[in-house]
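> Quick one: sequence plus predicted model below, questions after.
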Amino acid sequence: MSKPFRRVLTLIMAGGRGERLFPLTREVAKPAVTFGGIYKIIDFTLSNCFNTGIRQIYLLTQYSNVTMNRHVRLGWNPVFRLELDEFIEALPPQHIGTENWYHGTADSIYQNINLLERHKPDYVLILSGDHVYKMDYGKMLDYHIDKQAEMTVAVVPLDRLSAREMGVIGVDDEFRVREFVEKPADPPAMPGHPDQSLASMGVYVFTTTKLVRELIRDSKDSNSRHDFGRNIIPNLVANHEPIFAYPFRDGDSGSPAYWRDIGTLDSFYTTNLDLVTANPAIDLYDRRWPIRTYTPQTPPARIVDSTIDRGREGVVVDSLVSSGSVISGARVVRSVLSPEVKVHTGAEVSDSILMEGVDIGRHAVVRRAIICTGVRVPEHARIGVDENEDRARFIVTEGRVTVVPEGYVW
């Protein structure tokens, strides 16, 4: 942090309904979904803030925020010091001038514009609460100041085919933003890399005065969708404002850094399983950049031989096993287990994600699946074995991942 930070206010959009993550979001907002065994998705954004030294944070919540509020109260409030004017506060929609919920990302900030008037920051950092990555926001703020920008957008390179599903930034050789398009059929290419495009990470730095003016202008536009990607950024570009793209790179190698948008069940699945490889792309064990969370008091995980079938070993290979879990005479391979999961004698679990309190019965087989919180899989059940059978009972994604919803009873 080479430049002063004291006048930076951070707003995190943490109220997404997460319809494409259903049934994981049936009871909780997308940022509050459990990820990597013990974390909530929002822990990555909050850890980035904390590790950067940013300690004045508002969470803009909307749907199913009880779990989010509890998690923040137990896991995050204790590390902020109020006597130093540090805080993290969750705010529901303020209904300013309307009886509706937030209309879009820009409207969520506009409804809380009084916060900018109260704190009078020089800069506003706007983040999303549903991405997995490790980022020093201080470097981005330095970049914004050095460029004398009114707005800076963090970007990552993607192959052009993948970029069709994202907001794509067109830049010149100076990385000044010249174009912004949502989900384009023909994404603008990255300078010097015709096979790649720059995708917006949904991470923005604004000079406060410019942000306030744009929010007020946009609020009066009846044709606007009140969205940063669809309205605010294109308007700034059209008016030739100094808007820059910040390339998100690994601090050690300088290569593009790891960033994942947890927008679908398939992306949730693949990003979880990124964690079980021999050399995961995102390191949860890096003491220089710890990912904080709140976990309840549970006993250690236990992996034991079967007490029923003598000689049947408990085996875990390339997996994350959280506290309170017991694998008894069962085999778990390339999987992520949340706290207090039970896998009983003879069961086989592979390439799967088992959420809190899941119970896998004796000799059951679970392959390439997401089993939601508290589900009890009966003895000899088969999940992920016969796709037609799974489709008749469960959700099967485009990537052929079987999802067993919370509360399912055989």
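Received the coordinates, thanks.
> Can you tell me how far the residue of the chain most remote from its centre is from Gly399?
In the chain, the residue that sits farthest from the middle, by C-alpha atoms, centre = their mean, is Arg310; the gap is 43.2 Å. Distance of Arg310 to Gly399, given as C-beta to C-beta, to the nearest Å: 39 Å. Placement of C-beta: from N, CA and C, glycine included.
> likewise Glu182?
Distance from Glu182 to Gly399, by C-beta to C-beta: 23 Å.
> Then Ile282?
Counting by C-beta to C-beta - Ile282 and Gly399 are separated by 20 Å.
> Looking at those two, which one has more neighbours?
Ile282 (19 against 12; other C-beta atoms under 10 Å).
> can you pull out the strands in the stretch 1-150 of the chain?
8-13, 34-35, 39-40, 56-60, 87-91, 123-128, 131-133 (DSSP state E, counting those that start in this stretch).
> could you give me the average pLDDT of the fourth one?
Per-region confidence: strand 56-60 scores 94 on mean pLDDT.
> counting contacts, what elements does it pack onto?
strand 8-13, helix 42-52, strand 87-91 (3 or more C-beta pairs under 8 Å, 6 or more residues apart in numbering; DSSP states H and E).
> what residues does it touch?
8-15, 42, 46, 49, 68, 72, 85-91, 102, 108-109, 112, 115, 119, 121, 129 (C-beta atoms under 8 Å, 6 or more residues apart in numbering).
> Can you list the strands that it pairs with?
strand 8-13 (parallel), strand 87-91 (parallel) (DSSP bridges).
> of all these, which lies closest to Met201?
Nearest of the strands paired with strand 56-60 to Met201, taken as C-beta to C-beta: strand 8-13 at 12.7 Å.
> Report the angle between that closest one and helix 42-52.
170 degrees (axes from the mean of the first three to the mean of the last three C-alpha atoms, to 10 degrees).
> any idea of the mean pLDDT for strand 8-13?
pLDDT averaged over strand 8-13 gives 95.
> That strand vs strand 123-128, what angle?
Going by the same axes, to 10 degrees, strand 8-13 makes 20 degrees with strand 123-128.
> Show me where this protein has its helices.
Ranges of helices within the chain are 42-52, 66-75, 105-110, 113-119, 137-146, 160-163, 208-219, 233-238, 265-273, 387-393, based on DSSP state H.
> Include distance to Ala189 and mean pLDDT when you put these into TSV, please.
As requested, the helices of the chain are exported to TSV (distance: least, C-beta to C-beta, whole Å; pLDDT from 0 to 100):
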stretch	distance to Ala189	mean pLDDT
helix 42-52	29	97
helix 66-75	38	89
helix 105-110	26	90
helix 113-119	36	92
helix 137-146	22	96
helix 160-163	7	90
helix 208-219	28	95
helix 233-238	17	93
helix 265-273	24	97
helix 387-393	38	96
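> can you list the ones you listed in CSV and add distance to Arg331 and mean neighbour count?
Formatted as CSV, those follow (distance: least, C-beta to C-beta, whole Å; neighbours: other C-beta atoms under 10 Å):
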stretch, distance to Arg331, mean neighbour count
helix 42-52, 30, 23
helix 66-75, 32, 17
helix 105-110, 45, 24
helix 113-119, 52, 14
helix 137-146, 42, 19
helix 160-163, 34, 16
helix 208-219, 54, 17
helix 233-238, 50, 18
helix 265-273, 17, 20
helix 387-393, 21, 12
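> So for Asp351, which of the ones you listed sits nearest?
It is, among those and with distance given as C-beta to C-beta, helix 265-273, at 6.8 Å.
> Show me how far the closest one is from its chain's centre.
In terms of C-alpha atoms, centre = their mean, to the nearest Å, the centre of helix 265-273 is found 11 Å from the chain centre.
> Please enumerate residues in contact with it?
Counting by C-beta under 8 Å, 6+ apart, 20-21, 24, 33, 35-36, 132, 260-262, 334, 336, 351, 353, 370, 395, 397-399, 401, 403 sit against helix 265-273.
> Equivalent analysis for stretch 24-34, please.
14-19, 21, 40-42, 45, 61-65, 67-68, 71, 129-130, 262, 265, 268, 338, 355-356, 370, 372-373, 403, 405-406.
> Can you point out the buried residues in it?
Going by neighbour count (16 or more other C-beta atoms under 10 Å), the buried part of stretch 24-34 is 24-25, 28-34.
> Which strands and helices lie in contact with the strand ranked longest in the chain?
Taking DSSP state E as the criterion, the chain has its longest strand at strand 196-207. Here strand 196-207 touches strand 123-128, strand 131-133, helix 137-146, strand 151-159, helix 160-163, strand 167-171, strand 243-247, going by 3+ C-beta pairs under 8 Å, 6+ apart.
> circling back: buried only: go through the contacts of stretch 24-34 for me.
Among those, the ones that count as buried by 16+ other C-beta under 10 Å are 14-16, 18, 21, 40-42, 45, 61-65, 67-68, 71, 129-130, 262, 265, 268, 338, 355-356, 370, 372-373, 403, 405-406.
> Tell me where this protein is predicted with low confidence.
For the chain, the stretches with pLDDT under 70 are 1-6, 15-16, 63-64, 93-102, 252.
> Quick one: residues contacting Ile41.
30-33, 35, 129-132, 262.
> Look up phi and psi at it.
When read as degrees, to the nearest 10, the backbone of Ile41 gives phi -60, psi -40.
> Give me the distance between it and Ala163.
Taking C-beta to C-beta, one finds Ile41 at 22 Å from Ala163.
> same check, this time on Val155
10 Å.
> hey, what's in contact with both of the two?
In contact with both Val155 and Ala163: 198-199, using C-beta under 8 Å, 6+ apart.
> Next, the distance between the ends of stretch 319-335.
Length of stretch 319-335, first residue to last, C-alpha to C-alpha, to the nearest Å: 5 Å.
> again, but for stretch 29-47
OK, stretch 29-47 end separation, C-alpha to C-alpha: 19 Å.
> Ok, stretch 176-187 next?
17 Å.
> Same question for stretch 387-407.
Termini of stretch 387-407 sit 21 Å apart (C-alpha to C-alpha).
> again with stretch 319-339
End to end - C-alpha to C-alpha - stretch 319-339 spans 13 Å.
> again, but for stretch 39-58
20 Å.
> now it: how far from the chain's centre is it?
With C-alpha atoms, centre = their mean, you get 11 Å for stretch 39-58.
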